[in-house]
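>>> quick one, fold the following:
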Amino acid sequence: MRIALAGTMLAAMMACGSFAHAADVTAGKQKAEICIACHGEAGISQLENIPSLAGQPDQFIQWQLVFFRAGTRKNEQMLPVVDQLNNEDIRNLGAYFASLTPPRAKPDDNPDLSSKGAQAAAGRRCTSCHTDNYAGTKAIPRVAGQREEYLVKALHDYKSGVRSGGGMAAMANVAYSLSEEEIEALAHYLAHL
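Numbers count the residues shown, from 1 in each chain. All right, here's what the predicted structure looks like:
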């Protein structure tokens, strides 16, 4: 029900012309000041289980903010932030974070684990949504270079059904069949791309 509501809200925003004018990256940067404490300077998180937002696709950021605001995606820290956002703020934040340089992958300290992760990714056809270089597109997130422990958490959340919104059905289906070892390997592989 809440996913349908969020989708209806986004469709209404689009139909009413909310997306008719270009987003303002400068306004997005100003609004993102509140995001720095958790998501880091220039959108690169330094905190465990907090994702980096730099280089995420514009539409992905917008959708996630709409899902948080609608309550279909839940997070206690995000609730007071999204309650302050109007549709223009969401559009501007999406443009701002998309304009930032994504985090650089750290040197791979366990190539064997990455190899197992690459096999898990290939077997689950992850590139069919996240693109060949895992940079994401449109409403699909960039997972290349994302924080490893966050990727583990996200996969567990999809597997258990805790996380909803967006590609929930596809991700729940993929994550449900992953073993704990595959989750760890896949997260390691993606974080080091």
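>>> ranges for the helices of this protein?
2-15, 25-31, 36-39, 58-70, 79-82, 87-99, 111-123, 127-130, 148-160, 168-176, 180-191 (DSSP state H).
>>> out of the ones you listed, flag the one nearest Glu48.
For those, proximity to Glu48 was assessed by C-beta to C-beta; helix 148-160 is nearest, at 5.5 Å. Bear in mind the C-beta positions are built from the backbone N, C-alpha and C, glycine included.
>>> what's the residue nearest to the spatial centre of the chain in contact with, if anything?
The C-alpha lying nearest the average C-alpha coordinate of the chain belongs to Pro141 (C-alpha atoms, centre = their mean; 4.6 Å). The contact partners of Pro141, by C-beta atoms under 8 Å, 6 or more residues apart in numbering, come to Gln56, Pro57, Phe60, His130.
>>> what does Tyr158 give?
If you count contacts by C-beta under 8 Å, 6+ apart, Tyr158 has them with Met168, Met171, Ala172, Val174, Ala175, Tyr176.
>>> ok, for it, nearest residue in space, not its chain neighbours?
With C-beta to C-beta, 6 or more residues apart in numbering as the criterion, Tyr158 has its nearest non-adjacent residue at 3.9 Å, and that residue is Ala175.
>>> in contact with the one you found, which residues?
Neighbours of Ala175 in contact, by C-beta under 8 Å, 6+ apart: Leu155, His156, Tyr158, Lys159, Ile183.
>>> what's around the fourth one, how many residues?
Residues contacting Lys159 under the criterion other C-beta atoms under 10 Å number 19.
>>> same check, this time on the second one
His156 is flanked by 16 other residues according to other C-beta under 10 Å.
>>> number of nearby residues for the nearest residue to it once chain neighbours are set aside?
Leaving aside its sequence neighbours, His156 sits nearest to Ile183 (C-beta to C-beta, 6+ apart; 6.8 Å). Using other C-beta under 10 Å, Ile183 is surrounded by 21 other residues.
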